[in-house]
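Engineer: whatever this is, show me its structure:
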Amino acid sequence: MAEAEAEEAAVEAASEAAEAAEAAEAAEAAAEAVVEAVEATAGGEVGDRPLNQPLADKSGEQRTHAGRGAFPSDAAAAATAAAATAAEANRQSASAPSFAARAAEEEEEEAAEEEEEEEVEEEEEEAAEEEEAAEEEAEEAEAEAEEAEAEEAAEEAEAEARRVAEEEAAAAAAQAEADEAALREDEAAAAAAERRAAAEAAEAAEAAAVAAAEAEAAETEAAAAAAAAAATEAAAAAAAEAAAEEEAEAAEYEEGYEEGDFEEGQAEAEAAARAEAEEAEARRVAEEAEERRVAEEAAEAEGEAVAKAVAAEEAAAAEAAAKAAAEAAAAEAAAAEAAAAEAAAAEAAAAEAAAAEAAAAEAAAAEAARVQAEREVAEAAARKAVELAAAEAARAQADRWLRSRRAAEQDPHLHFPYGGVADLRGRDGACYNFFSAPGVSLNVKTEDATFTLHDGKLTVDGSFITEAHLVAGAGVCPPEAPSSKCAGAYKKHFNVSYRASELTEQNAGFTYLRGTCGGGKPFEGGIAFTRRCEDVLVQSHFSSANFSVRGWTFVAEGAIEGSAALYEVATPYETRFAFSRFDAAEQFSSPAVDSGRVETGGAGDASAMD
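Structural biologist: Residues are numbered from 1 along each chain as shown. Purely as a prediction, here's the structure:
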């Protein structure tokens with residue numbers, strides 16, 4: 001379609017050129033006739049001023065004069081004008097084919113550029129769709145990974161809770177068993193102590209009984225011996241008294257017998273008989289006493305024997321009780337030993353259970369570590385896939401830029417809002433202001449470079465835009481705020497730089513954006529980077545960066561004022577130059593706010609660069 005239009009334009013241009021040639025020939029002939037007539041009537045010649053030399057009339061507008069000096073009549077002026085018209089027609093007719101060819105060539109180039117732009121737009125749309133699909137896949141993979149991680153974390157937490165509960169239950173059971181075993185040991189020890197005390201008490205009672213029996217027997221024997229001794233002494237005393245009386249009576253009897261006192265002798269005989277009788281009675285009493293003593297001794301011996309027998313029986317009973325107590329103590333000791341052994345077994349079982357739980361915990365930890373490692377591997381794979389997708393998208397974008405011949409084969413162009421275009425050749429390393437409005441200033445840096453045009457047929461020494469530096473007033477400073485808390489009319493200055501040198505071969509990067517918000521800590525970013533400073537927002541995606549400032553209404557002309565040198569600035573963030581509007585008073589419009597982002601109206605787009 002574009003070729004057909006170009007051919008039609010060429011045909012029309014050729015026909016117009018033919019018509020112009022015919023008109024030029026006729027005009028030239030008329031001009032020659034008029035000149036001859038003028039020369040004949042005026043007797044002069046046409047001045048030596050070149051044709052089409054611009055002169056200024058009274059109105060200040062430029063006009064074309066054919067010569068110098070005054071003409072005698074309007075005919076001469078008409079002749080001169082006709083001659084100039086004829087000459088211009090000749091020139092246009094001579095250059096008409098070249099104009100037509102150039103127009104056709106330009107139309108062909110424009111058509112080719114339009115086709116390339118359409119292809120680039122289609123490729124960009126396809127790349128955007130692929131990029132969105134890759135982002136959706138990455139988000140889905142990330143969501144699935146997060147969901148799996150959350151499920152694994154919940155399972156791990158549940159398993160950990162179960163393990164802790166089992167450990168606490170096992171510890172409580174082991175503690176209860178240990179307490180029960182200790183209680184049994186305490187009871188066995190108390191019973192053994194009671195049995196030992198009973199045995200000792202029985203032994204002490206038996207010893208006391210034996211000692212009492214021995215003491216009683218000794219007292220009985222001593223009493224019997226004392227009674228016998230007393231009886232013997234009494235009998236001996238009685239016998240001695242009786243003997244003394246008998247001797248006295250015998251002496252008296254002998255003395256009386258000698259004197260012949262027969263009666264006294266008879267009395268003495270009677271006395272002797274009585275003494276004998278008394279002596280016999282005394283002996284009888286002594287014998288009875290002896291018999292009683294013997295009987296008492298026998299009774300005492302029998303009592304002692306009975307007491308000894310009773311004591312022996314009691315001792316035997318105490319010994320039997322002590323033996324039984326000892327046997328019970330032995331049984332209780334055996335039971336205590338069995339309880340201790342049972343407690344030891346329970347403790348060993350608890351230790352084994354704890355060891356098993358520890359082994360299970362270690363196994364669970366190892367499993368968790370394995371799952372974590374697998375998750376990290378999956379996340380790394382997902383990140384790698386995202387990076388590969390990003391790299392592929394960046395590569396596709398770079399290929400599109402290379403195919404469109406806008407990355408390294410053209411000098412910088414300006415596209416103005418009403419269709420105007422311009423080329424820029426900046427000094428190497430110099431910064432120029434490309435946009436200035438109240439609270440917004442954009443500077444760019446140019447560097448010399450050599451590039452080719454027309455498929456490498458033409459080499460051009462030009463310049464490229466390698467850096468862009470934005471200064472934006474962030475947040476309107478309230479009137480009542482102290483000047484030390486504000487930066488002029490704003491709360492802060494938001495300085496952001498875009499450096500193409502930080503981009504990779506895939507036309508992407510992570511540090512091509514750098515800046516500060518209000519002189520705070522510097523930041524840097526690249527792919528998928530977002531930073532807000534008050535009401536100014538910067539967002540990046542691969543190699544592009546979008547700046548959203550307050551909804552200003554800007555008025556930009558379709559051309560620059562003055563020369564490019566007047567737009568040079570000293571530093572990347574300098575806002576002052578010949579035509580700066582950064583510190584001008586702001587004129588607020590009604591910004592359209594969508595999801596917290598202020599869109600800039602079309603009137604604020606002063607120019608676009610490629």
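Engineer: how many neighbours does residue 344 have?
Structural biologist: The tally of other residues near residue 344 (other CB atoms under 10 Å) stands at 12. For the C-beta atoms, the positions are set from N, CA and C on the backbone; glycine is no exception.
Engineer: now the helix or strand harbouring it: mean pLDDT?
Structural biologist: Assigned by DSSP states H and E, residue 344 belongs to helix 262-403. Mean pLDDT, computed over helix 262-403, is 79.
Engineer: for that helix, packing partners?
Structural biologist: The contact analysis (3 or more CB pairs under 8 Å, 6 or more residues apart in numbering; DSSP states H and E) places helix 262-403 against helix 74-259.
Engineer: avg pLDDT for the helix it packs on?
Structural biologist: On average, the pLDDT along helix 74-259 is 71.
Engineer: which residues does residue 481 contact?
Structural biologist: By CB atoms under 8 Å, 6 or more residues apart in numbering, the contact set of residue 481 is residue 491.
Engineer: which SS class is it?
Structural biologist: Here residue 481 is coil, with the state taken from DSSP: H, G, I helix; E, B strand; the rest coil.
Engineer: can you pull the pLDDT of it?
Structural biologist: Residue 481 carries a pLDDT value of 79.
Engineer: list phi and psi for it.
Structural biologist: Backbone torsions of residue 481, given as degrees, to the nearest 10, read phi -70, psi 140.
Engineer: what about it, distance to residue 583?
Structural biologist: Residue 481 is 18 Å from residue 583, where distance means CB to CB, to the nearest Å.
Engineer: and for residue 439?
Structural biologist: Residue 439 is 9 Å from residue 583, where distance means CB to CB.
Engineer: ditto for residue 167
Structural biologist: In this view, residue 167 and residue 583 are 72 Å apart by CB to CB.
Engineer: tell me, which strand in this structure spans the most residues?
Structural biologist: Counting residues, the longest strand found in the chain (DSSP state E) is strand 458-476.
Engineer: beyond that one, next helix or strand please.
Structural biologist: Using DSSP H and E, the helix or strand that follows strand 458-476 towards the C-terminus is strand 490-499.
Engineer: tell me what that next one is packed against?
Structural biologist: Helices and strands touching strand 490-499, by 3+ CB pairs under 8 Å, 6+ apart, are strand 458-476, strand 513-517, strand 536-541, strand 544-548.
Engineer: and if we set it to 10 Å?
Structural biologist: strand 440-453, strand 458-476, strand 513-517, strand 523-525, strand 530-533, strand 536-541, strand 544-548 (3 or more CB pairs under 10 Å, 6 or more residues apart in numbering; DSSP states H and E).
Engineer: rounded mean pLDDT for the last one, please.
Structural biologist: The average pLDDT within strand 544-548 is 76.
Engineer: ok, now the fourth one?
Structural biologist: Predicted confidence along strand 523-525 averages 88 (mean pLDDT).
Engineer: can you list contacts of that strand?
Structural biologist: By CB atoms under 10 Å, 6 or more residues apart in numbering, the surrounding residues in contact with strand 523-525 are 496-497, 499, 502, 509-517, 529, 531, 533, 538-540, 545.
Engineer: how about 8 Å then?
Structural biologist: Residues contacting strand 523-525 (CB under 8 Å, 6+ apart): 510-511, 513-517, 531, 540.
Engineer: now do the buried residues in that strand.
Structural biologist: Residues of strand 523-525 classed as buried by neighbour count (16 or more other CB atoms under 10 Å): residue 525.
Engineer: in PDB, list the C-alpha atoms belonging to stretch 533-552.
Structural biologist: Extracted in PDB, the C-alpha atoms of stretch 533-552 (Å, rounded to 0.1, in the frame of the first residue of the first chain):
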ATOM      1  CA  CYS A 533       9.200  10.200  48.200                       C
ATOM      2  CA  GLU A 534       6.200  12.100  49.500                       C
ATOM      3  CA  ASP A 535       3.900  12.500  46.400                       C
ATOM      4  CA  VAL A 536       6.600  11.500  43.900                       C
ATOM      5  CA  LEU A 537       6.800   7.900  42.700                       C
ATOM      6  CA  VAL A 538       9.500   6.100  40.600                       C
ATOM      7  CA  GLN A 539       8.900   2.600  39.300                       C
ATOM      8  CA  SER A 540      11.200   0.600  37.100                       C
ATOM      9  CA  HIS A 541      10.800  -2.500  34.900                       C
ATOM     10  CA  PHE A 542      13.700  -4.100  33.200                       C
ATOM     11  CA  SER A 543      15.400  -1.200  31.400                       C
ATOM     12  CA  SER A 544      12.600   1.400  31.700                       C
ATOM     13  CA  ALA A 545      11.700   3.800  34.500                       C
ATOM     14  CA  ASN A 546       8.500   5.700  35.000                       C
ATOM     15  CA  PHE A 547       8.200   8.900  37.100                       C
ATOM     16  CA  SER A 548       4.900  10.000  38.500                       C
ATOM     17  CA  VAL A 549       4.700  13.600  39.800                       C
ATOM     18  CA  ARG A 550       1.800  15.700  41.000                       C
ATOM     19  CA  GLY A 551      -0.900  16.400  38.400                       C
ATOM     20  CA  TRP A 552       0.500  19.600  37.000                       C
END
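Engineer: buried ones in that stretch?
Structural biologist: By 16+ other CB under 10 Å, the buried positions in stretch 533-552 come out as 533-543, 545, 547-552.
Engineer: separation between the residue lying closest to residue 543 once chain neighbours are set aside and residue 496?
Structural biologist: Distances taken as CB to CB, 6 or more residues apart in numbering place residue 507 nearest to residue 543, at 4.7 Å, with adjacent residues excluded. Using CB to CB, one obtains 20 Å as the distance from residue 507 to residue 496.
Engineer: ok, residue 568 to residue 583 distance?
Structural biologist: Separation of residue 568 from residue 583 (CB to CB) stands at 18 Å.
Engineer: among those two, which residue is more densely surrounded?
Structural biologist: Counted by other CB under 10 Å, residue 568 and residue 583 do not tie: residue 568 has more neighbours, with 18 against 14.
Engineer: list the contacts for that one?
Structural biologist: Residue 568 makes contacts with 427, 430-432, 577, as judged by CB under 8 Å, 6+ apart.
Engineer: what's the domain layout of the chain?
Structural biologist: The chain breaks down into these domains under automatic domain parsing: 2-132, 407-609.
Engineer: lowest average pLDDT across the ones you listed?
Structural biologist: domain 2-132 (a mean of 56).
Engineer: before we move on, back to that, helix/strand/coil for the residue nearest to residue 543?
Structural biologist: coil.
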